[in-house]
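Student: only the shape, not the letters, is given here:
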Ligand SMILES: NC(=O)C1=CN([C@@H]2O[C@H](COP(=O)(O)OP(=O)(O)OC[C@H]3O[C@@H](n4cnc5c(N)ncnc54)[C@H](OP(=O)(O)O)[C@@H]3O)[C@@H](O)[C@H]2O)C=CC1
Ligand SMILES: CC1=C(/C=C/C(C)=C/C=C/C(C)=C/C=O)C(C)(C)CCC1
């Protein structure tokens, strides 16, 4: 099985990487070092995770002890408060400084919804409501293209965009998005959006591939636990692999990159160790059948016992379309 994906930009992207959202200061530096020592070639970062500086410290140390810049694929993302055209290049440069590198491999627009400009990641009014802004995606995308032309990033892409939002960019760009990063896992297979991307030559990365058990709102309402699904556990026993490895391999076999987050050395190792087995077509179908069309990562609230999107009125809110 291929360990990399070829991007439209001509670059090559590893199919497994390390996620860093929620990795705390004091943990993420070691996690990145452990990952690199165990042969990880991709680190998924974002300005909004607030830990890029510490990721950068780990990278610096590894570069000093012989790791070459071209041996590691670094992704970062443009946060919602920086969509305005004058903010895109400075924001990327800020991530470069934090990460101790002079170019990114992939720079993504993190979400399609813009927030009010400024230093507050979640700007709120006096009543505690998020303050949005309306910034045309094409205006932001033009600056993303500029980042490539300036050599600040090798490839560009988007995250959390739906198919219509991606099509708008495809119809109006000079550099096509090379990658879409979205939530995908066995409870939320995203078949239509993945097919749409693959038909357009856009590679896809699955975030929260293990069901994000440490998402900050976990436990605030009853939700299914993907890693404890009996079907996945049973297949783990059959293949002598952990549930995590089964979930990751099912994605990688669909040519979807995965970026599991862990700060635990044994899990960091185990999550890359998925290349020595193949899930049979029959078992792939069994995993396909546990899909619940269930998103873990969405701004939702429970209203009278029913789950509703919180503030779905936000401009460019992506999750109302079918895909
Ligand atoms: N573009 C976007 O909007 C988003 C991007 N992302 C990216 O995707 C990454 C992954 O998604 P994330 O939401 O973090 O969730 P994951 O699905 O990667 O789950 C991470 C959790 O699973 C645990 N874990 C890791 N490996 C195993 C294993 N083998 N067995 C059991 N438990 C395991 C981790 O624990 P521990 O660390 O304690 O080992 C952690 O609690 C993010 O870190 C981020 O980089 C995520 C969400 C949104
Ligand atoms: C509230 C709200 C939003 C939610 C933002 C959230 C919940 C972001 C979480 C980001 C994470 C988890 C990033 C990890 O990479 C949108 C959709 C932007 C717009 C509608 C209102």
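Tutor: Done, it's in. What you see is a predicted model; the values in this text were computed from it and never measured. Ligands and ions are numbered 1, 2, ... in the order given.

Student: from here on, contacts and neighbour counts on C-alpha atoms
Tutor: OK.

Student: show me where the stretch 101-250 of the chain has strands.
Tutor: With DSSP state E, counting those that start in this stretch, the ranges of strands along the stretch 101-250 of the chain come out as 104-109, 114-115, 132-133, 153-159, 179-183, 203-207.

Student: nearest to residue 36, of these?
Tutor: Nearest to residue 36 among the strands of the stretch 101-250 of the chain is strand 104-109; the distance by CA to CA comes to 16.3 Å.

Student: who touches that closest one?
Tutor: Residues from elsewhere that reach strand 104-109 (CA atoms under 8 Å, 6 or more residues apart in numbering): 73-80, 92, 96, 144, 152-159.

Student: how about a cut-off of 7 Å?
Tutor: With contact meaning CA atoms under 7 Å, 6 or more residues apart in numbering, strand 104-109 is reached by 73-79, 152-159.

Student: now for the residues you listed: which two are most distant?
Tutor: The farthest-apart pair in these, when distances are taken by CA to CA, is 73 and 79, at 19.7 Å.

Student: more neighbours: which of the two?
Tutor: Applying other CA atoms under 10 Å to residue 73 and residue 79 shows that residue 79 carries more neighbours, namely 23 against 20.

Student: give the contact list for the more buried one.
Tutor: Here residue 79 is in contact with 47, 48, 109, 110 (CA under 7 Å, 6+ apart).

Student: try 6 Å
Tutor: Listed by CA atoms under 6 Å, 6 or more residues apart in numbering, the contact set of residue 79 reads residue 110.

Student: dihedrals phi and psi, it?
Tutor: Main-chain dihedrals, residue 79, degrees, to the nearest 10: phi -80, psi 160.

Student: same question, residue 261
Tutor: phi -90, psi 140.

Student: what's the closest non-adjacent residue to it?
Tutor: residue 19 (3.9 Å; CA to CA, 6 or more residues apart in numbering).

Student: wait, isn't the one you found in contact with residue 262?
Tutor: No. Taking contacts as CA atoms under 6 Å, residue 19 lies outside contact range of residue 262: 7.0 Å.

Student: residues of the stretch 1-150 of the chain that sit close to ligand 2?
Tutor: 21, 111, 113 (CA under 6 Å from any ligand atom).

Student: okay, the second one: pLDDT?
Tutor: Just to be clear, that refers to residue 111. If you check residue 111, the pLDDT there is 97.

Student: that one reaches residue 157, doesn't it?
Tutor: No. Checked against CA under 6 Å, the pair residue 111 and residue 157 is beyond contact range at 11.0 Å.

Student: the two: which has the busier surroundings?
Tutor: Neighbours were tallied for residue 111 and for residue 157 using other CA under 10 Å; the higher tally belongs to residue 157 (25 against 21).

Student: SS state for residue 251?
Tutor: Secondary structure assignment for residue 251 (DSSP: H, G, I helix; E, B strand; the rest coil): helix.

Student: would you mind measuring from residue 281 to residue 254?
Tutor: Distance of residue 281 to residue 254, computed by CA to CA, to the nearest Å: 11 Å.

Student: overlap in contacts, those two.
Tutor: Residues touching both residue 281 and residue 254 (CA under 6 Å, 6+ apart): none.

Student: list the contacts of residue 197.
Tutor: So residue 197 contacts nothing (CA under 6 Å, 6+ apart).

Student: rerun at 7 Å
Tutor: residue 203.

Student: and residue 181, by the same measure?
Tutor: 158, 159, 160, 204, 205, 206, 207.

Student: go through those and say which is closest to residue 309.
Tutor: Scanning the contacts of residue 181 for proximity to residue 309, where the rule is CA to CA, the winner is residue 160, at 14.8 Å.

Student: isn't that closest one up against residue 179?
Tutor: No. Using CA atoms under 7 Å, residue 160 makes no contact with residue 179, being 11.1 Å away.

Student: so if I had to pick from those two, which one is more boxed in?
Tutor: For the pair residue 160 and residue 179, the greater number of neighbours falls to residue 179 (26 against 21), based on other CA under 10 Å.

Student: show me what that one is bridged to.
Tutor: Beta-bridge pairing of residue 179 under DSSP bridges involves residue 203.
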